[in-house]
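>>> predicted model and sequence below, questions to follow.
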There are 2 protein chains.
Amino acid sequence: MSAELLNQLLAIGDLMRRDMARAFAGTPLTESRVAVLWTLRVSGASTQRDVAVALRVSGKNVSLLVDALESAGYVHRAKHPTDRRAVLLELTDSANALMAKMEREHAQLAETLVAAVSPGDVATVERGVTAIAARLSELVDEAAAAGDAT
Amino acid sequence: MSAELLNQLLAIGDLMRRDMARAFAGTPLTESRVAVLWTLRVSGASTQRDVAVALRVSGKNVSLLVDALESAGYVHRAKHPTDRRAVLLELTDSANALMAKMEREHAQLAETLVAAVSPGDVATVERGVTAIAARLSELVDEAAAAGDAT
DNA sequence: TATTGTTATACTCTATAACTATA
DNA sequence: TATAGTTATAGAGTATAACAATA
């Protein structure tokens, strides 16, 4: 019974990922590259290290993702104003336009999905899902800490 | 407001994936390989093609995953009783034991997460999440069909 | 002729380690 | 000495195309 809820949550994550990959088929964009663009959209111009920390991936990985995004015209490596070791990643105008479009689609998808829930249940569902996400975040942090200690 | 719910759902999927990858660090198992084992556990002995369809990946991909799983002793390529072109994938005893362990852990995680929701809200949350998953599945199928048609 | 699985080739994501330039 | 980013190397997931054996 309770396992069914977890399975539904997993299915949702899986469906979202598949759909995203499909949506960007035929473009140079992938899930990981879009994650970089999204981080820059939310946080503003950032160093590669900032992005690596935000996405919890290696600096080398960010280098490769940015290489691809830069050559495809989505981001620009600018000089950092105070630290000459660092690079400041900025979205290009076209990437900003793309992110704005994604934000609109994201909001519209959220509305569509929430509309599938009985109006009187929405607040309760949101509260429950938020509680689950918070608890899961705790568990994952604990597991990661235990793993590091080993 | 409604976007917040979608973001929480996405965060849950992301956390689950990260934790799974961490849990299998140091073993030959990865998310994709476990997905193959899980499919065989649920469906019983299957051909590689069955697995490819179930996971929606290419046949070549399944070949590689099974190569790794077979050499690590998790699956066995048996002769198909009626079709000599095909191979029948079977879990080894140790893989079956591992899957049983994962099932128990999965059930326990589900209990722990459900316990984070107010008891009176659980049924409503489960109903809401199920409705969202069903609606999302429809949308993804529609999008995929539209994409194929193009 | 269609299907199952493999070989061949290529792109992407990811990580660690060593190195350069700068703090 | 520590940090930001790159070069080098490597494992893993994924896809398409061509090919063999079998239906």
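Sure, I can see it.

>>> who's in contact with the residue in chain A that chain B sits nearest to?
Ranked by C-beta to the nearest C-beta, the top residue of chain A for proximity to chain B is A:G13, at 2.1 Å. (C-beta placed from N, C-alpha, C; glycine too.) Shown in contact with A:G13 (C-beta atoms under 8 Å, 6 or more residues apart in numbering or on different chains): B:L9, B:L10, B:I12, B:G13, B:D14, B:M16, B:R17.

>>> pretty sure it is in a strand, no?
No - assigned with DSSP: H, G, I helix; E, B strand; the rest coil, A:G13 falls outside any strand and is helix.

>>> how much space is there between it and B:R17?
Distance of A:G13 to B:R17, given as C-beta to C-beta, to the nearest Å: 7 Å.

>>> what do the two both touch?
Counting by C-beta under 8 Å, 6+ apart, nothing touches both A:G13 and B:R17.

>>> what about A:A131, which helix or strand?
helix A:122-149 (DSSP states H and E).

>>> now do that helix: distance to the chain's middle.
Distance, stretch centre to chain centre, for helix A:122-149: 17 Å (C-alpha atoms, centre = their mean, to the nearest Å).

>>> and which of the contacts of A:G13 is nearest DNA strand C?
B:R17 (9.5 Å; C-beta to the nearest atom of the strand).

>>> for B:A45, see how far away the closest one is.
In this view, B:R17 and B:A45 are 28 Å apart by C-beta to C-beta.

>>> picking that back up, looking at the contacts of A:G13, which one is closest to chain A?
Nearest to chain A among these is B:G13, at 2.1 Å by C-beta to the nearest C-beta.

>>> so A:S63, which state does it fall into?
With three-state DSSP as the basis, A:S63 sits in helix.

>>> where does chain A have low pLDDT?
Residue ranges of chain A with pLDDT under 70: A:1, A:147-150.

>>> any chance you could map the helices in it?
Secondary structure of chain A (DSSP state H): helices at A:2-23, A:31-43, A:48-55, A:59-71, A:93-114, A:122-149.

>>> which stretch among the ones you listed comes nearest B:L88?
Nearest of those to B:L88, taken as C-beta to C-beta: helix A:2-23 at 26.4 Å.

>>> identify the residue spatially nearest to A:P81, adjacent ones excluded.
In this structure, A:P81 finds its nearest non-sequential neighbour in A:L88, 7.6 Å apart by C-beta to C-beta, 6 or more residues apart in numbering or on different chains.

>>> mind listing what the one you found touches?
Residues in contact with A:L88, defined by C-beta under 8 Å, 6+ apart, are A:A45, A:S46, A:T47, A:R77, A:A78, A:K79, A:H80, A:P81.

>>> can you give me the neighbour number for the second one?
Here the number of neighbours of A:S46 (other C-beta atoms under 10 Å in any protein chain shown) works out to 20.

>>> skip the chain neighbours and tell me the closest residue to the residue nearest to the spatial centre of chain A.
Nearest residue to the geometric centre of chain A (C-alpha atoms, centre = their mean): A:A35, 4.5 Å. For A:A35, ignoring the flanking residues on the chain, the nearest one in space by C-beta to C-beta, 6+ apart is A:L55 at 5.7 Å.

>>> also A:A131?
Distances taken as C-beta to C-beta, 6+ apart place B:A116 nearest to A:A131, at 4.5 Å, with adjacent residues excluded.
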